[in-house]
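Enquirer: Dropping the sequence and predicted coords here.
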Amino acid sequence: MVIKAVKGVKDILPKDIGKWRRVEDSAREVFGRYDYREIVLPIFEKSEVFVKSVGETTDIVQKEMYSFLDKGGDALTLRPEGTASCVRAYIEHSMYHPKGTVTPLFYIGPMFRRERPQAGRFRQFHQIGAELFGTDDPAADAEVMHLLMTFLKTVGARKPKLLLNSLGDDKCRPAFRQSLVDFLANRKESLCPLCKERYETNPLRVLDCKSETCAETVRSAPTIDSFWCDDCADHFQKVRKALYGLNIEYEINHRMVRGLDYYSRTVFEVTASGLGAKDAVAAGGRYDALVKKSGGPDVPAIGWAVGMERLIESIGDSAGEKTNDTAPDICIVHLGERAHGEAFRVAGLLREQGRKVLCPYRQTSMKKQMGRADKSGAKLAVIIGEEEFNKKTMLVKNLSTSTQKEHPIGDIRKIAAEPPA
RNA sequence: GUGGGCGUAGCUCAGCUGGUAGAGCUCUGGAUUGUGGCUCCAGCGGUCGUGGGUUCAAGUCCCAUCGCUCACCCCA
């Protein structure tokens, strides 16, 4: 039995790499427009980095982390998300100096969660993430969402839709949560079995249950907006105003909640079509308390992450491989032992001159080699047979017009510089 | 962790109520001595996921197991 890749992880094959490159390239380009700087973070961290920031009671920490003890006995974890690492690095390198500095960062890389794989969900997946440290200006919230939407439109995500909410902060959220628990307490019987569980573990999640009866039950439940403190309400209104100013369409959903503990105030999510049951392609929000909680100064921050696999899935073939960027400029065709050696000498010279050249190793029939040259998409074939070798010449054939001309072998540089039409 | 669907050639798949494995694409050779795209002919390629059971006989039926996949939980 051949050894196969671990469950839930994928090889990205050469035939698919073009899409990945395009997504990464446009990410870097778009981030540049907003003056974000790339940071490359380690793939594993001390486990506490994630346990503390993501939250001990979350599913990610409780059952999805790839954690292990290394030979020195350190408890390490393959990162399940990027924000925690980014916050750690931000603090470790004192990026908050001088006081008042705003630090825009982005990263691209793999994340690891041990879940059951399904459409758009993997154990090793890739995220493109943005983090903006040092400001709680509502304009920053809107700008960060503008960045995200601009990026998604640039790469051609299908029908991206922005959903917005505010979770309040430490001052006002506890009251909301309590109120919701009270509301559900005497309605538990009308909830689905799953939500009865949620009532205990994460009551906020009952709000966006898909079950008919739960949705009905929850229709009259309290919503977060009526519990916002003045600051949070004000912040939300200013974010909306800024979004309006940037001409960004969005939909408010007060039932939207987050799976990670560190979010406060602004949270958002982008869904796209062309995906499976999970249509969220990106998600993010504000985490004003996290830097301080992680041992840094009291610095507010906001960020988001897009799932690359889901994004690429959503792009589909619409923005697919249109240009044949793998086609060589020139294919060499050779016949006979001596011509074989000469062919590689010629190929080498052409490559030194910057040409993309294909030269077959096997000595097969001319018919075969011409067929390959044709399939490769090359514009020119350079043919060197016994006859040409003896005469120190080569045939240069234009594969689209089928015209060919004999050249002295010394013309190689000329042909490399200006391939004949 | 729970449930559904599927595992047959390198790839996509067919194979009926059990009778000893097929097609297309790819690849190799030929029709066409050293000239590609189209066509035609031939060939290479399979422990039918694995193990067990029923049977004269199993790709087909039964059980187990592994893998893939979709969905639930949760998340990007």
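Expert: The structure has been received and is ready for your questions.

Enquirer: in the stretch 151-300 of chain A, what residue is nearest RNA strand B?
Expert: The shortest separation between the stretch 151-300 of chain A and RNA strand B is 1.3 Å, found at A:Gly259 (distances taken as Cβ to the nearest atom of the strand). The way it works is simple: take the backbone N, C-alpha and C, and place the C-beta from them, glycine included.

Enquirer: helix/strand/coil for that residue?
Expert: Using DSSP: H, G, I helix; E, B strand; the rest coil, the secondary structure recorded for A:Gly259 is coil.

Enquirer: so what's the backbone phi/psi at it?
Expert: The phi and psi values for A:Gly259, taken as degrees, to the nearest 10, are phi -90, psi -10.

Enquirer: what sits against it?
Expert: A:Thr58, A:Asp59, A:Ile60 (Cβ atoms under 8 Å, 6 or more residues apart in numbering).

Enquirer: for these, which one is nearest RNA strand B?
Expert: Proximity of the contacts of A:Gly259 to RNA strand B (Cβ to the nearest atom of the strand) peaks at A:Asp59, which lies at 3.6 Å.

Enquirer: so what's the residue of the stretch 151-300 of chain A closest to RNA strand B scoring on pLDDT?
Expert: At A:Gly259 the predicted local distance difference test score is 74.

Enquirer: picking that back up, restricting to the contacts of A:Gly259, which residues neighbour RNA strand B?
Expert: Checked against RNA strand B using Cβ under 7 Å from any atom of the strand, the contacts of A:Gly259 give the following subset in range: A:Thr58, A:Asp59, A:Ile60.

Enquirer: Flag the shaky bits of the stretch 1-150 of chain A, pLDDT-wise.
Expert: In the predicted model of the stretch 1-150 of chain A, residues A:1 satisfy pLDDT under 70.

Enquirer: I'd like to know which residues of it are adjacent to RNA strand B.
Expert: Where proximity means Cβ under 7 Å from any atom of the strand, the interface of the stretch 1-150 of chain A facing RNA strand B comprises A:1, A:4-5, A:7-8, A:58-60, A:64, A:81, A:113, A:115-122, A:125, A:127.

Enquirer: Apply 10 Å and report the result again.
Expert: Taking Cβ under 10 Å from any atom of the strand, the part of the stretch 1-150 of chain A that reaches RNA strand B is made up of A:1-2, A:4-10, A:54-55, A:58-60, A:62-64, A:80-83, A:111-129.

Enquirer: picking that back up, need the ones next to RNA strand B among the contacts of A:Gly259 in CSV with distance to A:Ile384, secondary structure and neighbour count, can you?
Expert: What follows is the ones next to RNA strand B among the contacts of A:Gly259, written out as CSV (distance: Cβ to Cβ, whole Å; DSSP: H, G, I helix; E, B strand; the rest coil; neighbours: other Cβ atoms under 10 Å):
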residue, distance to A:Ile384, secondary structure, neighbour count
A:Thr58, 65, coil, 20
A:Asp59, 64, helix, 16
A:Ile60, 61, helix, 19
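
Enquirer: Nearest to A:Thr201, out of these: which one, please.
Expert: Comparing the ones next to RNA strand B among the contacts of A:Gly259 against A:Thr201 with Cβ to Cβ places A:Asp59 closest, at 9.2 Å.

Enquirer: which residue packs closest to the closest one, ignoring adjacent ones?
Expert: Taking Cβ to Cβ, 6 or more residues apart in numbering as the measure, A:Asp59 lies nearest to A:Gly259, with 6.9 Å between them; neighbours along the chain are not counted.

Enquirer: Could you turn the buried ones of the residues of the stretch 1-150 of chain A next to RNA strand B into a PyMOL selection?
Expert: Of these, the buried ones can be selected in PyMOL as follows, counting by 16 or more other Cβ atoms under 10 Å:
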select buried, chain A and resi 8+54+55+58+59+60+64+80+81+82+83+111+112+113+120+121+122+123+124+125+126+127+128+129
